[in-house]
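>>> the following comprises the amino acid sequence and a computationally predicted model.
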Amino acid sequence: MAERFVMSIDQGTTSTRCILFDHGGRLVAVAQREHRQHFPRPGWVEHDPMEIWRNLERVAPEALAQAGASADQIAAVGIANQRETTVLWDRMTGDPIGRAIVWQDMRTGALVDELARAPGAAAVTERSGLPLATYFSAPRVRWMLDHTPGLRERAERGEVLFGTMESWLIWNLSGGADGGVHVTDVTNASRTLLMNLRTLSWDDGLLDFFGVPKAMLPEIRSSTETYGTARRVFPGVRVGAALGDQQAALFGQTCFSPGETKCTYGTGAFLLMNTGTAPVRSDNGLLTTVGYKIGDEPAVYALEGSIAITGALVQWFRDGLGLITTAPEIETLARSVDDNGGCYIVPAFSGLFAPHWRSEARGIIVGLTSYITKGHLARAVLEATGWQTREVVDAMNADSGLALKELKADGGMTSDNLVMQMVADVLNVPVARPMVVETVSLGAAYAAGLAVGYWAGLEGLRRNWHRAARWVPAMEPGRRDAEYENWKRAVERTFGWIRAGEDPAALP
């Protein structure tokens, strides 16, 4: 009998990948295609939804061909997606209404400021678990409805559909304009500012506050269940899971118990801590979100800390300053000195995310003297990732009442041993990297496999997790405390750079 696999679709910010996993959670085949980033104005970031759909149509057959497999060997498909990126499309034609507005986009800054002053603004965080910020989907939907003539009337009649990327792909896979299923899962719905965190349903009060018609919204479903059967790309295959990419990484890292925490280090960094079956409200600048929901079981919640710039700072050091020619060179350069020489870099390139949420902040380099070399700057670049992680972990420990015992790390930056050692040093806990580093894709595959019985339960998934590397703290406590105080002083100096009345999206 031919071996069966689970396929994961990882629809990310820069590319779409299809990965096949076997029963042991091992990567069997991967195909990937990048899509174009559109920057029509300062602070605006857009994607072409049709380009992303066409890329999926291409990469899925490529992954199958690599494995020498056919569509009937796929037990189920799971989707992990860039969250908050907002797509509107015509229900009858399936055509997108303009480009998708990406999660990094800041055009809604003025709208968010206006909404923050409106009656009912205080209830947004209470009901959704999220701060009122440009990061999330609802202001983008409102902006599109306000700036496209006739669109609101069409949306109210149900002629226009809204979704994040998993909704768009599931709708197209299951038939598109010819009977496509319009759904989202609780993890993605929890990132819109429109879902009530306790009822796990669209909140009429939030819909009224943001001015979003209910007729355009997808049905909210669990993270692991069969949403429908694909009619395109791989006909007959069940679509069995959807998770926002960071929740998928939490699932792929098998963080199934309260207190277990993962961090994905890429362009930015995203820490999620499992807090169990009750939402934990944050008093320290974190997001309360849904971690996952398995079928009819209670939802599992998480605290999340989003860091805007980690790997992107290394890219800037390479491309913007030209001090290195390849990203891996920064580790060698940073090791050429023993410390940062008193220099700190706070990468608030487009504001600060958790735990500060200061959209007016901008990046700084402090502590410059004639002693500083590019080696010290390289070390300060890498240390910025460690100190930003420390800020979020401190907030998580305070909010949850749980003490982090080990951080499970994944993403591209985990290949830099110095960065991971720095993270372990500043957190004073071990940092572990799994054997399978594609945890976002693996989490989506695990969720889909559970939905169709390919895997029996969570304990079996835990047994698939194997450690590839581990870093233990080695920093002297007095130095750790002093350096952290210096970092916090540097962060304070980023505040208030954009003055009141200025539009952050219109400034460099």
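Alright, I've got the coordinates.

>>> now do Asn417: how many residues are near it, please.
Counted with other CB atoms under 10 Å, the neighbours of Asn417 add up to 13. Bear in mind the C-beta positions are built from the backbone N, C-alpha and C, glycine included.

>>> for it, which residues are in contact?
By CB atoms under 8 Å, 6 or more residues apart in numbering, the residues touching Asn417 are 331, 469, 471.

>>> my guess is the first one contacts Met420. True?
No. The pair Glu331 and Met420 fails to qualify as a contact (CB atoms under 8 Å) at a distance of 10.4 Å.

>>> those two: which has the busier surroundings?
Set side by side, Glu331 and Met420 show more neighbours around Met420, with 24 against 18, by other CB under 10 Å.

>>> doesn't that one lie inside a helix?
Yes. With DSSP: H, G, I helix; E, B strand; the rest coil as the criterion, Met420 is part of a helix.

>>> and the residue nearest to Glu84 when sequence neighbours are not counted, how many neighbours?
Nearest residue to Glu84, sequence neighbours excluded (CB to CB, 6 or more residues apart in numbering): Trp103, at 3.8 Å. Residues lying near Trp103 (other CB under 10 Å) number 22.

>>> what does the one 10 residues further on give?
The local packing count at Asp113 equals 16, with neighbours defined by other CB under 10 Å.

>>> ok, it to Gly295 distance?
For Asp113, the distance to Gly295 (CB to CB, to the nearest Å) stands at 41 Å.

>>> ditto for Gly150
Relative to Gly295, Gly150 is positioned 40 Å away (CB to CB).

>>> tell me which of those two has more neighbours.
Using other CB under 10 Å as the criterion, Gly150 and Gly295 rank with Gly295 on top: 12 against 8.

>>> helix, strand, or coil at the closest residue to Phe136 other than its chain neighbours?
Leaving aside its sequence neighbours, Phe136 sits nearest to Leu193 (CB to CB, 6+ apart; 4.6 Å). Using three-state DSSP, the structure places Leu193 in coil.

>>> and Leu193, how far is that from Leu132?
Distance of Leu193 to Leu132, given as CB to CB: 7 Å.

>>> who has more neighbours out of those two?
Using other CB under 10 Å, the more surrounded residue of Leu193 and Leu132 is Leu193, with 29 against 22.

>>> what score does the residue sitting nearest the centre point of the chain have for pLDDT?
Central residue of the chain (CA atoms, centre = their mean): Gln246, 4.5 Å from the mean position. Note on Gln246: pLDDT of 93.

>>> so what's it up against?
Counting by CB under 8 Å, 6+ apart, Gln246 makes contact with 83, 264, 270, 272, 304, 440.

>>> of those, closest to Leu64?
Of all these, Leu64 sits closest to Val440, with 20.2 Å by CB to CB.

>>> can I get the helix or strand where that closest one lies as CSV, trimmed to CA atoms?
Here Val440 sits within helix 439-452, counting by DSSP states H and E. C-alpha atoms of helix 439-452 as CSV (Å, rounded to 0.1, in the frame of the first residue of the first chain):
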residue,chain,number,x,y,z
THR,A,439,7.6,24.3,13.0
VAL,A,440,5.0,26.6,11.3
SER,A,441,4.4,24.1,8.6
LEU,A,442,4.7,21.1,10.9
GLY,A,443,2.0,22.6,13.2
ALA,A,444,-0.4,23.0,10.4
ALA,A,445,0.3,19.4,9.3
TYR,A,446,-0.2,18.1,12.8
ALA,A,447,-3.5,19.9,13.2
ALA,A,448,-4.8,18.5,9.8
GLY,A,449,-3.6,15.0,10.6
LEU,A,450,-5.4,15.1,13.9
ALA,A,451,-8.6,16.1,12.2
VAL,A,452,-8.6,13.0,10.0
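
>>> which parts of the stretch 1-150 of the chain are helices?
Using DSSP state H, counting those that start in this stretch, the helices of the stretch 1-150 of the chain run over residues 49-67, 109-116, 122-128, 137-147.

>>> most neighbours, which of the contacts of Gln246?
Counting by other CB under 10 Å, top hit in these: Val440 with 30 neighbours.

>>> against Gln247, how distant is it?
Val440 sits 9 Å away from Gln247, going by CB to CB.

>>> ditto for Pro139
In terms of CB to CB, Pro139 sits 21 Å off from Gln247.

>>> so between these two, which is more surrounded?
Between Pro139 and Gln247, counted using other CB under 10 Å, Gln247 has the larger neighbour count: 33 against 26.

>>> right, and that one touches Gly443 too?
Yes. Contact criterion CB under 8 Å: Gln247 and Gly443 qualify, at 7.4 Å.

>>> thinking again about what came up before, now the two most distant members of the contacts of Gln246.
The widest separation within those (CB to CB) is 14.5 Å, between Glu304 and Val440.

>>> one step back: show me the contacts of Gln246 that map onto strands.
Judged by DSSP state E, the contacts of Gln246 include 264, 270, 272, 304 as members of strands.

>>> so who does the second one touch?
This means Phe270. Under the criterion of CB under 8 Å, 6+ apart, the neighbours of Phe270 are 246, 249, 263-264, 304-307.

>>> return the member of those residues nearest to Asn397.
Nearest to Asn397 among these, with distances taken as CB to CB, is Gly305, at 11.2 Å.

>>> any idea how far the closest residue to Val233 other than its chain neighbours lies from Gln11?
Sequence neighbours aside, Ala60 is the residue nearest to Val233 in space, at 5.1 Å (criterion: CB to CB, 6+ apart). As judged by CB to CB, Ala60 and Gln11 stand 12 Å apart.

>>> what residue ranges in the stretch 301-450 of the chain are flagged as low confidence?
Low-confidence segments of the stretch 301-450 of the chain (pLDDT under 70): none present.

>>> quick one: the helices in it?
For the stretch 301-450 of the chain, helices defined by DSSP H, counting those that start in this stretch occupy the ranges 311-315, 329-334, 374-400, 417-427, 439-452.

>>> next, the buried residues of the second one.
By that I understand helix 329-334. If you call a residue buried by 16 or more other CB atoms under 10 Å, then helix 329-334 has these buried ones: 330-331, 333-334.
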